[in-house]
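Engineer: Got a sequence here, can you model it:
(one chain, ligands or ions: 1)
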Amino acid sequence: MEQNVIGVVGAGQMGAGIAQVCAQHGYSVKLLDVNAAAVQRGIQAIGASLDRFVKKGTLKAEEKAATLDRITPTAELQDFRDARIVIEAATERSELKFDLFRRLDQICPPETILASNTSSISITEIAAQTKRPANVIGMHFFNPVPLMSLVEIVRGLLTNDETYQAVDVLARELGKIPVEVNDFPGFVSNRILMPMINEAIYTLYEGVASAEAIDTVMKLGMNHPMGPLTLADFIGLDTCLAIMEVLHDGFGDPKYRPCPLLRKMVAAGLLGKKSGRGFYQYG
Ligand code: NAD
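Structural biologist: Residues are numbered from 1 along each chain as shown. I've put the predicted structure just below:
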């Protein structure tokens, strides 16, 4: 096992961001997605993000090249056998994550930490798929990862202190501020944020106001930097729906029922910024 190798599963918005930040801080990163084309899209997104830092003058062109050099694309989970930690950032679906953790548990040495960037799924249940529940933890980054400083570190019921400490140190090395939370549906962030976004969608659904009006009320009236419907588009409406379903199932409380408009938009493929259209249109 190499001390400076980090495996990242999923090269979408979050996986690409996590890979970028790890590589910018000197780690060798293996970035995996379902196929080569999906990983390449992630690498292109990282290149575009690094370009923005170069343009702003906060990164030298040679640092951009060195960062990209530290990222190795792969579509083979076997390539993670030398990773000291694997951070999973694949689609927010329990069965998909359970399957990935079962396979990672077989491939990686027993001391490798297996972390999930899940927004809401139980870390305890993910850990139960493995023979190393003490080494499984939640490492919940925020979007866009290179700009957002918070990492919620989620202890599963059996996560041990060594694992917690190692992930806390890693988060600080990556320039982030870790906050310790326990394993409950949605943790802290999405237990509070997502019902607000869902209520904003109900407000639109019931015709109380337009999307622009709802976002303006929350920006100017509550001093939010971004309205809830714009934020939902940035998160991805499929991810928002998946989180609401975890809250609804996990607490068994009807106050968490996902808005029918959210379901309909996801069914229609209107996923927000990543698909080009959600509550707003993107170029
Ligand atoms: P995304 O749709 O942009 O990316 C998901 C990626 O996972 C896709 O590239 C997909 O091809 C890949 N994938 C699917 N199945 C896979 C598999 N079996 N193996 C490898 N890769 C696979 O989604 P995202 O926004 O990056 O979210 C990823 C995770 O991060 C989710 O668990 C989500 O809840 C969490 N998260 C999202 C946000 C956000 O704001 N979008 C914030 C924090 C955490």
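Engineer: From now on I want contacts and neighbour counts done on CA atoms only, so please keep to that.
Structural biologist: Will do.
Engineer: So what's the model's average confidence on stretch 172-189?
Structural biologist: Averaged across stretch 172-189, pLDDT comes to 97.
Engineer: and if you look at stretch 18-33?
Structural biologist: Rounded mean pLDDT across stretch 18-33 is 98.
Engineer: Strands along this protein, start to end?
Structural biologist: 5-9, 28-32, 71-74, 85-88, 113-116, 136-141, 150-155, 177-182 (DSSP state E).
Engineer: In JSON lines, list those along with mean neighbour count and distance to K97.
Structural biologist: JSON lines is the format used below for the strands of the chain (neighbours: other C-alpha atoms under 10 Å; distance: least, C-alpha to C-alpha, whole Å):
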{"stretch": "strand 5-9", "mean neighbour count": "27", "distance to K97": "10"}
{"stretch": "strand 28-32", "mean neighbour count": "27", "distance to K97": "14"}
{"stretch": "strand 71-74", "mean neighbour count": "20", "distance to K97": "18"}
{"stretch": "strand 85-88", "mean neighbour count": "26", "distance to K97": "8"}
{"stretch": "strand 113-116", "mean neighbour count": "27", "distance to K97": "8"}
{"stretch": "strand 136-141", "mean neighbour count": "29", "distance to K97": "12"}
{"stretch": "strand 150-155", "mean neighbour count": "24", "distance to K97": "16"}
{"stretch": "strand 177-182", "mean neighbour count": "16", "distance to K97": "19"}
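Engineer: For the ones you listed, give me a markdown table that also has distance to the ligand.
Structural biologist: Formatted as a markdown table, the strands of the chain follow (distance: least, C-alpha to the nearest ligand atom, whole Å):
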| stretch | distance to the ligand |
| --- | --- |
| strand 5-9 | 5 |
| strand 28-32 | 6 |
| strand 71-74 | 10 |
| strand 85-88 | 8 |
| strand 113-116 | 8 |
| strand 136-141 | 5 |
| strand 150-155 | 9 |
| strand 177-182 | 14 |
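Engineer: what does the stretch 151-283 of the chain have sitting close to the ligand?
Structural biologist: 235-236, 239 (C-alpha under 6 Å from any ligand atom).
Engineer: and these, which are buried?
Structural biologist: In these, burial by neighbour count holds for 235-236, 239, counting by 16 or more other C-alpha atoms under 10 Å.
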